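J.: quick one: sequence plus predicted model below, questions after.
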Amino acid sequence: MTTSRFTYQHLVELVDGDHELIARLIEEGEIVQREGDVAIVDVDRVLIARTLLRELDVDWPGVEVVLRLLAELAEARRKIAELEAADHPAV
């Protein structure tokens with residue numbers, strides 16, 4: 001997961017003015033609010049959620065499943081890379 005700092009306004013612009021989506025992502029913990037108008041966010045996950053909801057007409061429980069599976073896949077890939085590195089240390 002690659003997180004970045006964004007202002008609330010930048011996030012709203014990123015999703016074409018969809019304040020409801022940003023509010024839902026904050027509520028669900030996908031966007032973590034920080035001091036003032038700043039949020040910590042994985043932009044890819046926000047854009048994936050937007051695409052699933054808007055373009056593919058996936059309901060919110062489906063979006064949650066997809067985001068969870070993506071996180072699990074990323075973690076599995078990270079662990080595989082660690083195991084491969086341990087089996088074949090750099091010379």
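T.: Arrived safely. Numbering: from 1, shown residues only.

J.: in the helix or strand where Val12 lies, which residues are buried?
T.: According to DSSP states H and E, Val12 maps onto helix 8-14. Neighbour counts over helix 8-14 (16 or more other CB atoms under 10 Å) mark Tyr8, Leu11, Val12, Leu14 as buried. The C-beta positions use only the backbone N, C-alpha and C, and glycine is treated the same way.

J.: likewise stretch 38-58?
T.: Buried residues in stretch 38-58 (16+ other CB under 10 Å): Ala39, Val41, Asp42, Arg45, Val46, Ile48, Ala49, Arg50, Leu52, Leu53, Val58.

J.: now do the same contact list for the closest residue to the last one other than its chain neighbours.
T.: Translated: Val58. Counting by CB to CB, 6 or more residues apart in numbering, Val58 lies nearest to Leu52, which is 4.1 Å off, once chain neighbours are set aside. Residues in contact with Leu52 (CB atoms under 8 Å, 6 or more residues apart in numbering) are Val58, Gly62, Val63, Val66.

J.: can I take it that the third one is in a helix?
T.: Yes. Counting by DSSP: H, G, I helix; E, B strand; the rest coil, Val63 falls inside a helix.

J.: what pLDDT does the nearest residue to it once chain neighbours are set aside get?
T.: Leaving aside its sequence neighbours, Val63 sits nearest to Leu52 (CB to CB, 6+ apart; 4.8 Å). Listed pLDDT for Leu52 reads 95.

J.: just Leu69 next, same as before
T.: For Leu69, pLDDT reads 96.

J.: which stretches of the chain form helices?
T.: 8-14, 19-27, 43-50, 60-87 (DSSP state H).

J.: buried residues in the longest one?
T.: The neighbour-count check on helix 60-87 (16+ other CB under 10 Å) flags Val63, Val66, Leu67 as buried.

J.: my understanding was that the second one contacts Ile48; is that so?
T.: Yes. Applying CB atoms under 8 Å as the test, Val66 and Ile48 come out as touching, 7.0 Å apart.

J.: any idea which of the helices of the chain gets closest to Thr2?
T.: helix 43-50 (7.1 Å; CB to CB).

J.: can you tell me which residue is spatially central in this protein?
T.: The centroid of the chain falls nearest to Arg45 when counting by CA atoms, centre = their mean (2.5 Å).
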